[in-house]
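Peer 1: Return atomic coordinates for the entry below.
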Amino acid sequence: MEVIRDIADFPKLTHAVVTSGTFDGVHIGHQKILKRVQERARQAGGQSVVVTYWPHPRLVLFPEDNKLKLLSTIEERIAQLSSFGVDYLLIIPFTRDFSRITSRTFITDVLVRALNTKVLVIGYDHRFGKNREGSFEHLKARSQQYGFEVEEIPQQDVDDIAVSSTKIRKALESGDPPTATRYLGRYYSLSSVVEKGQQLGRTIGFPTANLALPVPHKLIPANGVYAVWVHVVGERLPGMMNIGTRPTVDGSKLTLEVHLLHFSGDLYGQTLTVEFVQQLRQEQKFEGLDALKAQLAKDKAATEQALGL
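Peer 2: Numbering: from 1, shown residues only. Alright, predicted model coming up:
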């Protein structure tokens, strides 16, 4: 996949089949659109093109709202889109000035002149341009004028529930990774670097890798203990993770700690990618380290069961 960050550098394509959106998380609804884009491109011997925006529009338009958490960083989004075989990814810097352009300007300047769009595939509720004025109906009515075909993809449902990035965020924030997994089509993950901690886990037989907090606005699931898969140095290892403030040892700051099962070694400075499978329990305060150690042994057994070990 070729990644282009300046629209002036976009190549002249013969038959661009295009879709546009934020694609946060690249969930199964997004995947349905991507598959159709690629199908239409193959049928015409053309090229599949995704247009996305960074930063996320809400971070620019509502900077005072610090509650927005994203399912994917821009690096994760690039990797996710690439894994689906997209030919070209155009990342448009989202600014206040860009938010003010009309839907007509977006169509003529971006879709027609820059991308030479022949087919535009959009999701069932996609809108664009100033005040989200552009719609499928608007595009459909003017498709001949603009010189490209427009196709709308129905919403993707799971158990009669429309999939959305917002619903995935809510599932993770309530400690429900299985629902997020069903909507994403894969485990939700976050990546971070191992940093030095207080090393208390070693004293009770459960050494942990302490992860630096991820970049701002990357969603961290609800506090609690989780069964996880951990990708490190080319391996996928089972683990259990605690997200919280460590109340048993009078902690106060949010920490991310993961204990790798059946592993020993130095991980300082390594980047770990953690996939969330299941929440085992909420974080709780124990009477002392012995009580915590006994619970961690139970958590390990529950982790092995959750991971099918």
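Peer 1: check contacts around residue 187.
Peer 2: 177, 181, 229, 275, 276, 277 (Cβ atoms under 8 Å, 6 or more residues apart in numbering). No exception for glycine: its C-beta is placed from N, CA and C like everyone else's.
Peer 1: Phi and psi next, for it.
Peer 2: Dihedral angles of residue 187 (phi, psi; degrees, to the nearest 10) stand at phi -70, psi 140.
Peer 1: Make JSON lines from the contacts of residue 187 and add neighbour count to it.
Peer 2: Output for these, formatted as JSON lines (neighbours: other Cβ atoms under 10 Å):
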{"residue": "177", "neighbour count": "22"}
{"residue": "181", "neighbour count": "18"}
{"residue": "229", "neighbour count": "16"}
{"residue": "275", "neighbour count": "19"}
{"residue": "276", "neighbour count": "23"}
{"residue": "277", "neighbour count": "23"}
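Peer 1: how about the helix or strand hosting residue 194: buried residues?
Peer 2: Secondary structure assignment for residue 194, by DSSP states H and E: strand 188-195. Buried residues in strand 188-195, counting neighbours by 16 or more other Cβ atoms under 10 Å, are found at 188, 189, 190, 191, 192, 194.
Peer 1: strands paired with it, and their directions?
Peer 2: According to DSSP bridges, strand 188-195 has the following sheet partners: strand 209-211 (antiparallel), strand 271-281 (antiparallel).
Peer 1: Next, count neighbours for residue 174.
Peer 2: 12 (other Cβ atoms under 10 Å).
Peer 1: got a list of what it touches?
Peer 2: Residue 174 neighbours (Cβ under 8 Å, 6+ apart): residue 222.
Peer 1: The same query, at a cut-off of 10 Å, please.
Peer 2: Going by Cβ atoms under 10 Å, 6 or more residues apart in numbering, residue 174 touches 180, 221, 222, 279.
Peer 1: Which residues belonging to stretch 293-300 are considered buried?
Peer 2: 296, 299, 300.
Peer 1: Go through these and say which is closest to residue 59.
Peer 2: For the buried residues of stretch 293-300, the minimum distance to residue 59 (Cβ to Cβ) is 35.7 Å, reached by residue 299.
Peer 1: I'd like the distance between the closest one and residue 291.
Peer 2: 13 Å (Cβ to Cβ, to the nearest Å).
Peer 1: Just say helix, strand or coil for residue 92.
Peer 2: strand (DSSP: H, G, I helix; E, B strand; the rest coil).
Peer 1: Distance check, it against residue 191.
Peer 2: Distance from residue 92 to residue 191, by Cβ to Cβ: 24 Å.
Peer 1: Show me where the stretch 201-309 of the chain has its helices.
Peer 2: According to DSSP state H, counting those that start in this stretch, the stretch 201-309 of the chain carries its helices in the segments 289-306.
Peer 1: model confidence over stretch 1-17, on average?
Peer 2: If you average the pLDDT over stretch 1-17, you get 96.
Peer 1: Just the C-alpha atoms of that stretch, please, in CSV.
Peer 2: What follows is stretch 1-17, C-alpha atoms only, in CSV (Å, rounded to 0.1, in the frame of the first residue of the first chain):
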residue,chain,number,x,y,z
MET,A,1,0.0,0.0,0.0
GLU,A,2,1.3,3.4,-0.9
VAL,A,3,0.8,6.0,1.8
ILE,A,4,0.5,9.7,0.6
ARG,A,5,0.3,12.6,3.0
ASP,A,6,0.2,15.5,0.6
ILE,A,7,-2.6,15.5,-2.0
ALA,A,8,-0.3,17.3,-4.4
ASP,A,9,1.8,14.1,-4.6
PHE,A,10,-1.2,11.8,-5.4
PRO,A,11,-0.5,10.0,-8.7
LYS,A,12,-2.7,10.1,-11.8
LEU,A,13,-4.7,6.9,-11.7
THR,A,14,-6.6,5.3,-14.6
HIS,A,15,-9.6,4.1,-12.7
ALA,A,16,-9.7,5.1,-9.0
VAL,A,17,-12.3,3.4,-6.8
